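Undergrad: Sequence and predicted structure below; questions after.
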Amino acid sequence: IVGGIVAGLVLAGHRLPCWGSEALLQIAAGIEGHPDNVAPVIYGGIQIGVHDGTRWVTERAPHPSGMQAVLFIPDFYGKTSTARNVLGPTVTREEAAFNIGRAAFLVHALCTGNLDNLKVGAEDKMHQPQRGEKLYPYLFPMIKAAEEAGASCAYLSGAGPTVMALTSGASGDIFTQREMERTDSAVAKAMLQVAEEYGIKGQLLVTKPVHEGACIIKVEPPFSSDTITYPGNI
């Protein structure tokens, strides 16, 4: 969605207002129906987005340096509509209170850099139990294996089927740091072991949150000139 909009803007030579209106976010979130995916794509990092009754607004939640994301991405696709259909039409007061508290705890853990609290903050009662039982039987065994291998937390990414774990300890390039100081490799191996046990084929990706969102990397003619050079020399 965002890539198509950005490319269209460049081809049309049109620019959108950002301060106070965030026009690109409004267009992209309007197409998808929520800002959960498009906001991080536009702005980078971890974004918290809501509709304030007038428009979509989003803010960045900080994350500590050294935090890595380890993702097991199954070879099969999970339809969001199918994942939604396994959820009940209502939630109990206890479930709502549980998740509201965990959401607040999660944001606090990110803001303070306390990765030890991410495990509690990522707990859920409103969608993971239902989806784990009916769609992704490998989910909770993989979460357990990842956390036992050293992950700060692990959870179902969106509606699935990807499982994501957050790890700590990364410092600089992977080729210059002792493996025992970081946990991403052990967590990745533990997640792959569970996938093998459940007969789920997929790929394992180790990455990290980035601060920059979608950007143009090449244009013709170049935007940079002999006197002014922009990032990437676009």
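TA: Arrived safely.

Undergrad: Read off the pLDDT value for the closest residue to residue 160 other than its chain neighbours.
TA: For residue 160, ignoring the flanking residues on the chain, the nearest one in space by C-beta to C-beta, 6 or more residues apart in numbering is residue 78 at 4.5 Å. From N, CA and C alone the C-beta is placed, and that goes for glycine too. At residue 78, the predicted lDDT confidence score is 84.

Undergrad: show me the contacts for residue 78.
TA: Applying C-beta atoms under 8 Å, 6 or more residues apart in numbering, one finds that residue 78 lies in contact with 135, 136, 159, 160, 161.

Undergrad: Quick check: which ranges of this structure have low pLDDT?
TA: 170-180 (pLDDT under 70).

Undergrad: Which stretches in it count as helices?
TA: Counting by DSSP state H, the chain has helices at residues 2-12, 23-32, 38-43, 80-85, 93-112, 118-121, 128-134, 139-148, 184-197.

Undergrad: most tightly surrounded among those?
TA: helix 38-43 (a mean of 22; mean count of other C-beta atoms under 10 Å).

Undergrad: still on that earlier bit, please identify which pair of the contacts of residue 78 lies farthest apart.
TA: The distance between the two most remote of the contacts of residue 78 (C-beta to C-beta) is 10.0 Å, for 136 and 159.

Undergrad: quick one, what contacts residue 204?
TA: For residue 204, the contact set (C-beta under 8 Å, 6+ apart) comprises 70, 71, 72, 73, 188, 191, 192.

Undergrad: quick one: it and residue 131, what's the gap?
TA: In this view, residue 204 and residue 131 are 21 Å apart by C-beta to C-beta, to the nearest Å.

Undergrad: One more: residue 190?
TA: Residue 190 is 21 Å from residue 131, by C-beta to C-beta.
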